[in-house]
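Peer 1: how would this look folded up:
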Amino acid sequence: MERMYETKSDQNVIGVYKHGDTLYLKFNGGSEIQSQIELKDPFIQPIKGSYWNYFAFFPLLKHDIKDVLILGFGAGTIPRQLHLLFPYLQIDAVEIDEAVIDVATNVMKVDTSKLTLIHNDARSFLKSSVRRYDLIILDAFKGGNVDIDLLNTDFYDSLKSHLNSGGILAGNYIYEYWIAQRYKQFFVQTFRHRWRVQIPKSYNYVIWASDVEYDPRSALDRCDSIREDVRDLCRYIVEKHVRC
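Peer 2: So this is what the prediction gives:
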């Protein structure tokens, strides 16, 4: 893996690395990959092995999703994937580190023309915004794990207040960490219905919640026009998900 670029911000040492046709965004010289950009195809292979891919399931689960909020932009892996499959989505993405936005757009050449990219802290954005969304994706991490500053009742109540009726909150966590268990517990406390699925051969889980009961099998009815590997991923989610 070749290092292409490095810079410092008030929060991170930001590095861009390249291997083959893949660009990686890493922080603070660690091994943890913060974002991954496939130059030839937005979806990361193997399809079931990367948590980013899993968020493509939700516009199939809830067919009328239009407005999406992503908290934690990184290099824009998730909006890039969503817009490939669902070009009609209106996506707002919030990123706390302005230097990350600069690196993503000017070094990694991420196309942000199809979304609204906002430099702000997740909590401050939610306090100042009156917009509501059909899907909120929580992808804000610190030091390779869930941001502990976001683990409080007020924050999750604020997330819920920014969801339209029937809206879905989705995120991911690494099961072995106590912080992640608190993260999961806030999903449980805040929403009536919660589901999760484990990413194969890992301790990583994707979790989603809503006050409306959704049958994950209904997503399969909307998969016919979706590329085959994403259909396989949807079938895996339907087969392996559990309530939590």
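
Peer 1: What segments of the protein are strands?
Peer 2: Along the chain, counting by DSSP state E, strands occupy 2-8, 13-19, 22-27, 33-38, 67-71, 90-95, 115-119, 133-138, 141-142, 145-146, 163-174, 193-198, 204-210, 242-243.

Peer 1: least reliable of the ones you listed going by mean pLDDT?
Peer 2: Ranked by mean pLDDT, the strands of the chain end with strand 145-146 at the bottom, a mean of 68.

Peer 1: Which positions within stretch 31-44 qualify as buried?
Peer 2: Ile33, Gln34, Ser35, Gln36, Ile37, Glu38, Pro42, Phe43, Ile44 (16 or more other Cβ atoms under 10 Å). To be clear about C-beta, it is placed using only N, CA and C from the backbone, and glycine gets the same treatment.

Peer 1: Now the two most distant members of those.
Peer 2: Farthest pair in those (Cβ to Cβ) is Gln34 and Phe43. Separation: 17.8 Å.

Peer 1: Pull the number of nearby residues for Gln181.
Peer 2: Neighbourhood size, Gln181 [other Cβ atoms under 10 Å]: 12.

Peer 1: Tell me how far it lies from Ile207.
Peer 2: Between Gln181 and Ile207 the distance is 12 Å, computed by Cβ to Cβ, to the nearest Å.

Peer 1: just to revisit the earlier point, in a markdown table: the buried residues of stretch 31-44, plus distance to Tyr88.
Peer 2: Compiled in a markdown table, the buried residues of stretch 31-44 are given as follows (distance: Cβ to Cβ, whole Å):
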| residue | distance to Tyr88 |
| --- | --- |
| Ile33 | 29 |
| Gln34 | 28 |
| Ser35 | 24 |
| Gln36 | 25 |
| Ile37 | 23 |
| Glu38 | 23 |
| Pro42 | 16 |
| Phe43 | 19 |
| Ile44 | 23 |
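
Peer 1: Between those, which sits nearest Phe73?
Peer 2: Comparing these against Phe73 with Cβ to Cβ places Ser35 closest, at 8.3 Å.

Peer 1: The closest one against Gly76, yeah?
Peer 2: Yes: using Cβ atoms under 8 Å, Ser35 makes contact with Gly76 at a distance of 7.2 Å.

Peer 1: residues shared between the contacts of those two?
Peer 2: Ala104 (Cβ atoms under 8 Å, 6 or more residues apart in numbering).

Peer 1: For Phe43, give me its contacts.
Peer 2: Asn53, Ala56, Gln81, Leu84, Asp229, Val230.

Peer 1: Quick check: closest non-adjacent residue to the third one.
Peer 2: Nearest-residue entry for Gln81: Pro42, 4.6 Å, with adjacent residues in sequence omitted and distances by Cβ to Cβ, 6 or more residues apart in numbering.
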